[in-house]
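[1] Generate a structure from the sequence data that follows.
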Amino acid sequence: MPDPVTLVRVPALSDAAEYAYAAVVAPSTRLVFTAGACPLDADGATVAPGDHAAQARQVMANLTTALAAAGAQLTDVVRTTVYVASSRQADLVTVWEVVRDAFGDHDPPSTLLGVTVLGYDDQLVEVEAVAAVRDQPTA
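    Here you go, the predicted structure:
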């Protein structure tokens, strides 16, 4: 059975981007839309104030947990949007490296944005995702 997601490489576009430029979702798939994963612990406290990389690691752990609850995993992700509360490109790169490493060889299309502020006190990172999971036949 083929994968429900095909990541599209575009030879006519630069290969400097560390992600596919597009993704195609096969028929008979269920889409999973996540809220923005935040760097919160189980008690709702923001972890690692001031540390972009540590917050990105917590965000990716929380995203993985949310996807699992919906029957998906990181390799099912079709696209992400990564928000970083910073005007420094170096901070965006730091966060991107953590996000990219969490996905491993699966490199879905992504948008990386520097923003002024995020919703929780001391929050520096947020990642939202869309995943596609093949529907399981019903018995």
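[2] Could you pull out the strands in the protein for me?
    Ranges of strands in the chain, per DSSP state E, are 5-8, 22-25, 29-33, 77-85, 110-115, 125-134.
[3] what's the average pLDDT for the first one?
    Confidence over strand 5-8 (mean pLDDT, whole number) is 83.
[4] same deal with the last one?
    Per-residue pLDDT values over strand 125-134 give a mean of 95.
[5] What number of residues are in the vicinity of the nearest residue to residue 34 once chain neighbours are set aside?
    Using C-beta to C-beta, 6 or more residues apart in numbering and skipping the chain neighbours, the partner closest in space to residue 34 is residue 129 (4.8 Å). Backbone N, C-alpha and C define where each C-beta goes, glycine included. By the criterion of other C-beta atoms under 10 Å, residue 129 has 25 neighbours.
[6] and residue 129, what is it in contact with?
    Residue 129 makes contact with 33-34, 37, 63, 67, 77-81, 108, according to C-beta atoms under 8 Å, 6 or more residues apart in numbering.
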